[in-house]
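Engineer: Kindly generate the corresponding structure for this input.
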Amino acid sequence: MDPNQLNERVVGGDLLVGADAIRAFLVYLGMPEGTDPYYLRRAKRWPIGNTGGGGGGKLIASKRRLIRHAEELTRGDDERQRPKRRARSGQYELPAE
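Structural biologist: Residues are numbered from 1 along each chain as shown. Predicted structure coming up:
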């Protein structure tokens, strides 16, 4: 057996299956104990999927993607990610000094 495969099995891999496993990992990342993975899934703001497609299956999530998403949230706004504001009709931009 490849040492990388053994390490993956010992660590548990990247995939979290079930709401309890996802909740436990989110709490580990610093979210409150009452975090509801079903709400996060419905809100479609977190990278949480469903094995049943639309419903009826188990919730699934990648540890790596959850960590990356949490880091993006805590990092704050980035100029490149913020949507550009449009000027209203009748407004103009001030010239750069």
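Engineer: tell me which residues of the host helix or strand of residue 20 are tucked away?
Structural biologist: Assigned by DSSP states H and E, residue 20 belongs to helix 19-28. Of the residues in helix 19-28, 19, 21-23, 25-26 count as buried by neighbour count, 16 or more other C-beta atoms under 10 Å. The way it works is simple: take the backbone N, C-alpha and C, and place the C-beta from them, glycine included.
Engineer: could you say what helices and strands the biggest helix by length in the chain packs with?
Structural biologist: Using DSSP state H to define each element, the chain has its longest helix at helix 63-75. Contact here means 3 or more C-beta pairs under 8 Å, 6 or more residues apart in numbering; DSSP states H and E; on that basis helix 63-75 packs against strand 15-17, helix 19-28.
Engineer: at 7 Å instead, please
Structural biologist: If contacts are counted by 3 or more C-beta pairs under 7 Å, 6 or more residues apart in numbering; DSSP states H and E, helix 63-75 sits against helix 19-28.
Engineer: on contacts alone, who are the packing partners of the very next helix or strand once past the helix it packs on?
Structural biologist: Going down the chain from helix 19-28, the next helix or strand is helix 37-43, by DSSP H and E. Using 3+ C-beta pairs under 7 Å, 6+ apart as the contact test, the elements touching helix 37-43 are helix 19-28, strand 48-50.
Engineer: Tell me where the model's unsure across the protein.
Structural biologist: Within the chain, the segments meeting pLDDT under 70 span 1-12, 53-55, 77-95, 97.
Engineer: need the buried residues of helix 19-28 in CSV with distance to residue 56, can you?
Structural biologist: CSV is the format used below for those (distance: C-beta to C-beta, whole Å):
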residue, distance to residue 56
19, 14
21, 18
22, 17
23, 19
25, 23
26, 23
